[in-house]
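**Q** what follows is a protein structure lacking sequence information:
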């Protein structure tokens with residue numbers, strides 16, 4: 001289990017090695033992960049948080065598709081935006097030398113933005129307005145919710161990036177651009 005030491009879910013539990021499993025495609029599951037983070041099975045929200053957390057541990061992304069994967073099955077699920085929401089931001093060791101931005105998802109996973117977990121600003125599929133997303137694990141992402149987004153803006157700074165004045169944030173020695181200076185000033 002090479003991933004057990006690298007990938008940990010909520011509360012530090014080792015995650016199953018879903019990337020090592022290669023089952024045949026088994027069909028579609030009537031499961032939708034809504035853009036607000038609610039997991040819906042057969043039209044009804046899954047109310048047991050422990051069941052959602054269990055399903056999240058076996059979620060895998062392949063291209064633009066998401067699947068629940070076990071050693072024996074691979075079931076397609078629909079994700080409206082990102083499968084997770086980053087609902088909290090903790091700024092550790094402020095300042096460029098060691099600032100780290102730690103995100104906590106709606107399912108309790110924690111991720112520090114940096115080289116292995118990039119923070120990206122792009123259009124949302126629902127309305128094309130820009131929003132921040134962070135890679136949590138594998139190809140899975142969390143959309144940054146409104147409150148932590150405002151926290152990001154609070155720690156943002158203007159730098160020269162790719163020859164332009166750019167507003168962005170630093171985490172784990174990486175600068176993540178949010179917008180160019182003119183956009184940041186006009187908002």
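**A** Good, I have the coordinates. Just so we're clear, the structure is a prediction, and the values are computed from it rather than from any experiment.
**Q** what sits against the most centrally placed residue in the chain?
**A** What sits nearest the mean C-alpha location of the chain, by C-alpha atoms, centre = their mean, is residue 142, with 2.1 Å. For residue 142, the contact set (C-beta atoms under 8 Å, 6 or more residues apart in numbering) comprises 82-86, 103, 105-106, 109, 111, 133-134, 136. (Glycine included, C-beta is placed from N, CA and C.)
**Q** now the residues you listed in a markdown table, with secondary structure?
**A** As requested, the contacts of residue 142 are exported to a markdown table (DSSP: H, G, I helix; E, B strand; the rest coil):
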| residue | secondary structure |
| --- | --- |
| 82 | coil |
| 83 | coil |
| 84 | strand |
| 85 | strand |
| 86 | strand |
| 103 | strand |
| 105 | strand |
| 106 | coil |
| 109 | coil |
| 111 | strand |
| 133 | strand |
| 134 | strand |
| 136 | strand |
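**Q** which of the residues you listed lies closest to residue 69?
**A** residue 83 (13.2 Å; C-beta to C-beta).
**Q** name the nearest residue to that closest one, sequence neighbours excluded.
**A** Distances taken as C-beta to C-beta, 6 or more residues apart in numbering place residue 33 nearest to residue 83, at 4.9 Å, with adjacent residues excluded.
**Q** for residue 179, see how far away the one you found is.
**A** When distances are taken as C-beta to C-beta, to the nearest Å, residue 33 and residue 179 turn out to be 28 Å apart.
**Q** looking at the two, which one has more neighbours?
**A** residue 33 (24 against 16; other C-beta atoms under 10 Å).
**Q** for the residue with the largest distance to the centre of the chain, grab phi and psi.
**A** No residue in the chain has its C-alpha farther from the mean C-alpha position than residue 163, which lies at 28.6 Å (C-alpha atoms, centre = their mean). As for residue 163, its main-chain torsions (degrees, to the nearest 10) stand at phi 80, psi 10.
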